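Colleague: Prediction below, plus the sequence it came from.
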Amino acid sequence: MLVDESRLHIAIQKSGRLSDYSRGLLKDAGLRIQNGKNDLTARVENFPADLMFVRDDDIPTFVSDGVCEFGVVGENVLQEFALGAAEAGIEIVARLGFGRCSLRIAAPETAEYRGPETLRGSRIATSYPCLVRRFLDERGIEADVVKMNGAVELAPRLGIAGFVCDLVSTGATLEANGLRAVETVLDSEAVLVRTARDVGDRKAELGSRLLSRIDGVLATRDSKYIMMNAGEESLERISAILPGAEAPTIVPLHGRPGHFAVHAVCQESVFWETLQKLKDAGASAILVVPIEKMML
Ligand code: ATP
Ligand code: ZN
């Protein structure tokens, strides 16, 4: 494939748990993606960038080699890569809040488990040998780590290993295989990564444009614009209740001396309980509206 040097290249997972979220993030950042899901690449119509749809495991390699300037990948995959590489060549530029899961060591439900010491001398099957090895080394525990590329949870039943270490979100898969999680090796979420290589001025500039848009998307995700009216005596209490807000804007209401409109951007979720508290503090006509775009 010919790589167009004037465009950014962004690697995202082709199909899997991260793909829809990754596309959604780029769409929210205003990138219009042309091709269908089954292509290997897609052109962004309205921003000088091309997307590459690849296996998540290949994303760190692409980004560290500089084939792609950016990528969206699970921290679990990224850290496993970094531990196995002489020089990672990748930096995390944003934590994305999706793809949350934990890499956990699990034992057969029937087995007794008394802390990490129990792992000494055992065999642990995993797709993340470097992360498991680090976990064991940090605790001074010697054990065999067996690398498997899939179906890790079958290992105990097949007699391949006594323990497994795998990604868990609800624990249902472990349970269905007669296993229970006993240790957490890593808590993970999807991250936006950037190559540490020098990409030249043009791409660096495109990269920072992309990043500031993505920062804006992430900042607006939970943010709300909140408006209400209140008497002067309530302003202090109301300001203290507003969740994650900078200094609110307070403007006098025309024709109602001593009454004000309070406007604020809340960087955290606004719950019904919060509205009740605001009302109790003297606010009325409370409005909460979503924020579509924000540039910080
Ligand atoms: P690929 O074909 O791209 O190699 P995969 O089968 O390795 O796909 P997925 O199962 O789609 O990968 O998971 C991708 C990422 O989603 C994981 O690396 C992890 O960061 C995240 N993830 C979130 N929840 C879970 C979960 N319950 N199990 C596995 N991965 C999860
Ligand atoms: Zn994978």
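Modeller: Thanks, I have the structure now. Ligands and ions are numbered 1, 2, ... in the order given.

Colleague: For Ile124, name its beta-bridge partners.
Modeller: Val145, Phe163 (DSSP bridges).

Colleague: Burial check on it, number of neighbours?
Modeller: 24 (other CB atoms under 10 Å). (Each C-beta comes from the backbone N, C-alpha and C, glycine too.)

Colleague: pLDDT score for Asp58?
Modeller: In this prediction, Asp58 carries a pLDDT score of 97.

Colleague: give the contact list for it.
Modeller: For Asp58, the contact set (CB atoms under 8 Å, 6 or more residues apart in numbering) comprises Ala11.

Colleague: If we use 10 Å, what do you get?
Modeller: For Asp58, the contacting residues are 11, 13-14, 52, 67-68, 71, 73, 77, 81, by CB atoms under 10 Å, 6 or more residues apart in numbering.

Colleague: can you tell me which residues contact the closest residue to Ala219 other than its chain neighbours?
Modeller: Closest residue to Ala219 apart from its sequence neighbours, by CB to CB, 6 or more residues apart in numbering: Met294 at 5.3 Å. By CB under 10 Å, 6+ apart, the contact set of Met294 is 215-221, 223, 225, 265, 267.

Colleague: I'd like the distance between Met294 and Gln276.
Modeller: Using CB to CB, to the nearest Å, one gets 27 Å for the distance from Met294 to Gln276.

Colleague: do Thr41 as well
Modeller: Thr41 is 51 Å from Gln276, by CB to CB.

Colleague: Equivalent analysis for Glu75, please.
Modeller: 37 Å.

Colleague: Neighbour count: those two, which is higher?
Modeller: Glu75 (22 against 11).

Colleague: thought the more buried one was touching Leu186?
Modeller: Yes: in this structure, Glu75 is within contact of Leu186 by CB atoms under 10 Å, at 7.0 Å.

Colleague: Give me the distance between the residue sitting furthest away from the middle of the chain and Val262.
Modeller: What lies farthest from the middle of the chain is Gly255; by CA atoms, centre = their mean that is 48.1 Å. Per CB to CB, Gly255 is found 17 Å from Val262.

Colleague: before we move on, which element is the residue farthest from the centre of the chain in?
Modeller: Using DSSP states H and E, Gly255 maps to neither a helix nor a strand.

Colleague: What pLDDT is listed against it?
Modeller: 95.

Colleague: I'd like to know how far it sits from ligand 1.
Modeller: From Gly255 over to ligand 1 the distance is 55 Å, taken as CB to the nearest ligand atom, to the nearest Å.

Colleague: Next: Asp58.
Modeller: Taken as CB to the nearest ligand atom, the span from Asp58 to ligand 1 is 8 Å.

Colleague: what touches both of Glu75 and Leu186?
Modeller: Contacts common to Glu75 and Leu186, judged by CB under 10 Å, 6+ apart, are 101, 103.

Colleague: and the closest residue to Leu210 other than its chain neighbours, what are its phi and psi?
Modeller: Spatial nearest neighbour of Leu210, chain neighbours left out: Leu8 (6.5 Å); criterion: CB to CB, 6+ apart. Phi and psi for Leu8, reported as degrees, to the nearest 10, are phi -80, psi 150.

Colleague: can you start the count at 763 instead of 1 from here on
Modeller: Sounds good: first residue 763 from here, last item Leu770.

Colleague: OK, contacts around Leu770?
Modeller: Per CB under 10 Å, 6+ apart, neighbours of Leu770: 806, 809-813, 830-832, 961, 964-965, 968-969, 971-972.

Colleague: moving C-terminal of the longest helix anywhere in the chain, what's the next helix or strand?
Modeller: Across the chain, the longest stretch assigned as helix under DSSP state H is helix 962-983. Sequence order places strand 986-993 as the next helix or strand after helix 962-983, per DSSP H and E.
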